[in-house]
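*Asks:* Fold the following.
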Amino acid sequence: MKTHLAAAVGSVVLTAGTLLGAPAAGAQTAAYPTSPFYVDDYAASYAYGTLTWYNRSVGVDGTLQAVGCRRVWFGAYGASDKLLGTRSTSTQCNTTYPLKTGIPADVTGGATYVIVCIDDHNAQPIKCERYDRRP
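*Replies:* Here you go, the predicted structure:
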């Protein structure tokens, strides 16, 4: 009888110790919202990846596939359609180029939407797409 009681008490102490050492479920931070993007030039060049919506910027992680010479332009806009910040690549010719940058959006709540454009070698837009922030 004593061995069963000792085993039961030991099990309760071990379980309590494990639970007390575990992090609280509410202590985890929520992930920032993301949006996939894809823009092509109606030919063979395209840019794709993910926009990550932070509080005062938008992260870009993706790839440009340039056939001929192309560049990618990003513009972050606020709720009143005001341009908050831009980023662009340099002109890239016949290559695969990584897109890894942050677009400033230094207002409370950050950007409401981002415009992504594929430009020609003279920085003239060929095609642009709008991506809205989603909760």
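*Asks:* Whichever strand or helix holds residue 35 packs against which elements?
*Replies:* Assigned by DSSP states H and E, residue 35 belongs to strand 34-40. Contacts defined by 3 or more CB pairs under 8 Å, 6 or more residues apart in numbering; DSSP states H and E place strand 34-40 against strand 46-53, strand 113-119, strand 125-132. C-beta coordinates here come from the backbone N, C-alpha and C atoms, glycine included.
*Asks:* Ok, which of those comes nearest residue 85?
*Replies:* For residue 85, the closest of the helices and strands packed on strand 34-40 is strand 113-119, at 9.8 Å, according to CB to CB.
*Asks:* hang on, the earlier thing: please name the strands paired to the strand holding residue 35 in the sheet, noting orientation.
*Replies:* strand 46-53 (antiparallel) (DSSP bridges).
*Asks:* The strand holding residue 35: which residues count as buried?
*Replies:* 35, 37, 39 (16 or more other CB atoms under 10 Å).
*Asks:* Return the closest of these with respect to residue 90.
*Replies:* residue 39 (17.4 Å).
*Asks:* How much space separates the closest one from residue 106?
*Replies:* 25 Å (CB to CB, to the nearest Å).
*Asks:* likewise residue 61?
*Replies:* Applying CB to CB to residue 61 and residue 106 gives a distance of 20 Å.
*Asks:* just residue 58 next, same as before
*Replies:* For residue 58 relative to residue 106 (CB to CB), the value is 11 Å.
*Asks:* With neighbour numbers in mind, choose between these two.
*Replies:* residue 58 (27 against 13; other CB atoms under 10 Å).
*Asks:* So which residue is dead centre in the chain?
*Replies:* In the chain, the residue lying closest to the centroid (CA atoms, centre = their mean) is residue 52, at 2.1 Å.
*Asks:* was I right about residue 134 contacting residue 33?
*Replies:* Yes. The pair residue 134 and residue 33 qualifies as a contact (CB atoms under 8 Å) at a distance of 5.7 Å.
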